[in-house]
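Student: Give me the fold of what follows.
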Amino acid sequence: MIKKVLLGLLVVGTLLMAEVQNVWVTKDFLKKEIKIIDIRTVGEWKETGIVKDAYTIVFFDEKGKFDIPKFLEKLNKVVKKDEQFALICRTGSRTTEVSKFLSSELGYNVVNLKGGMMKLMNDGYRPVKYKQ
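Tutor: As a prediction, the model looks like this:
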């Protein structure tokens, strides 16, 4: 019984100590072997394009609503829970919150790309056209 309690405390402690890695998004970062998940809306993808080879999975819709089970279902088809991956949005605001949630509440290994697509494009990055 004591072993089960200690194991439970260890698991909970590990999840609570999980930290999000916050990294300024750069063209060099995009060259790394890491999956990038774009959590913006379909309208935003169409407007600006997306990072080449990024996975597009909406978190917040145009009205600011979200469906966590639906998002996680799609995310889990792309990454393994212990696999490191990066989140990108327009400016990094949404990914900051979503990254914290995925890391601290669910134990995912998340990199938050600060500055988002706007920073990348201001730095001269040319996104690829979004194809449905």
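Student: Not counting sequence-adjacent ones, nearest residue to the residue nearest to the spatial centre of the chain?
Tutor: Centroid-nearest residue in the chain, with CA atoms, centre = their mean: Leu87, separated by 2.5 Å. Excluding its sequence neighbours, the residue lying closest to Leu87 (CB to CB, 6 or more residues apart in numbering) is Thr95, at 4.1 Å. C-beta: built from backbone N, CA, C; applies to glycine.
Student: what does Tyr125 give?
Tutor: Using CB to CB, 6+ apart, the nearest residue to Tyr125 is Lys27, at 5.4 Å.
Student: And the pLDDT at the one you found?
Tutor: Note for Lys27: predicted pLDDT of 95.
Student: Would you map the helices across the chain?
Tutor: 2-17, 42-48, 68-78, 93-100, 116-122 (DSSP state H).
Student: could you dump stretch 82-94 to PDB, C-alpha only?
Tutor: The C-alpha atoms that make up stretch 82-94 are tabulated as PDB, following Å, rounded to 0.1, in the frame of the first residue of the first chain:
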ATOM      1  CA  ASP A  82       6.600  11.800 -24.200                       C
ATOM      2  CA  GLU A  83       7.800  13.100 -27.600                       C
ATOM      3  CA  GLN A  84       8.900  16.700 -27.700                       C
ATOM      4  CA  PHE A  85       6.900  18.900 -30.000                       C
ATOM      5  CA  ALA A  86       6.400  22.600 -30.600                       C
ATOM      6  CA  LEU A  87       3.200  24.800 -30.600                       C
ATOM      7  CA  ILE A  88       2.800  27.900 -32.800                       C
ATOM      8  CA  CYS A  89       0.000  30.400 -33.100                       C
ATOM      9  CA  ARG A  90      -0.200  34.000 -34.400                       C
ATOM     10  CA  THR A  91       1.900  35.800 -31.700                       C
ATOM     11  CA  GLY A  92       2.600  33.200 -29.000                       C
ATOM     12  CA  SER A  93      -0.300  34.200 -26.600                       C
ATOM     13  CA  ARG A  94      -2.500  31.100 -27.200                       C
END
